[in-house]
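Peer 1: below is the structure, and that's it, no one-letter string:
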């Protein structure tokens, strides 16, 4: 739609906003991938934590080592959950920017469409006025020709 009014500064501005929308959409997709990755890492840490159980009959040193490993895994899982929360917050922020940018582009599309329709109506009015003028001139010429022929 904006391509038809290419010379227009508003059309160029709309195209710039469309490009920004596309960049934000790509950024949103990357952020979603990163959020999914953080979720997968958190799930893997949880699975590892669950698989490292202290067994009866282990030596005190083995028991302490497993307990320390589980404690470290819990800490890593906590850090991973924080990363995931930050990633999701960033995702929501980018998503809001995408929505705002989409509204901006659609608004510019609406303005450009209204301008295109207005220009088309003006062109039609000018064309109609020219046709009316030609018709009036023909009518006058026909009248004059009829008087001359009498």
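Peer 2: Alright, I've got the coordinates. As the structure is a computational prediction, the values presented were derived from the model and not from experiment. Numbers count the residues shown, from 1 in each chain.

Peer 1: what packs against the longest helix seen in the chain?
Peer 2: Across the chain, the longest stretch assigned as helix under DSSP state H is helix 60-149. The elements that helix 60-149 packs onto, with contact taken as 3 or more CB pairs under 8 Å, 6 or more residues apart in numbering; DSSP states H and E, are helix 9-51. All C-beta atoms are positioned from the backbone trio N, CA, C, and that covers glycine.

Peer 1: where does the residue nearest to residue 67 when sequence neighbours are not counted sit: helix, strand or coil?
Peer 2: In space, residue 67 comes closest to residue 54 once its chain neighbours are excluded; the distance is 6.3 Å by CB to CB, 6 or more residues apart in numbering. When classified by DSSP: H, G, I helix; E, B strand; the rest coil, residue 54 comes out as coil.

Peer 1: count the neighbours of residue 54 for me.
Peer 2: As a burial measure, the neighbour count of residue 54 was computed by other CB atoms under 10 Å and equals 13.

Peer 1: thinking again about what came up before, got the angle between the longest helix of the chain and helix 9-51?
Peer 2: Here helix 60-149 runs at 160 degrees with respect to helix 9-51, directions being taken by axes from the mean of the first three to the mean of the last three CA atoms, to 10 degrees.

Peer 1: look at residue 5 and report its pLDDT.
Peer 2: Model confidence at residue 5, given as pLDDT, is 48.

Peer 1: do residue 62 as well
Peer 2: Note for residue 62: predicted pLDDT of 88.

Peer 1: please apply the same query to residue 105.
Peer 2: Here, the pLDDT recorded for residue 105 equals 97.

Peer 1: that one and residue 19 touch, don't they?
Peer 2: No - the pair formed by residue 105 and residue 19 falls short of the contact definition of CB atoms under 8 Å, at 9.8 Å.

Peer 1: now residue 34: closest residue in space, sequence neighbours ignored.
Peer 2: residue 87 (5.5 Å).
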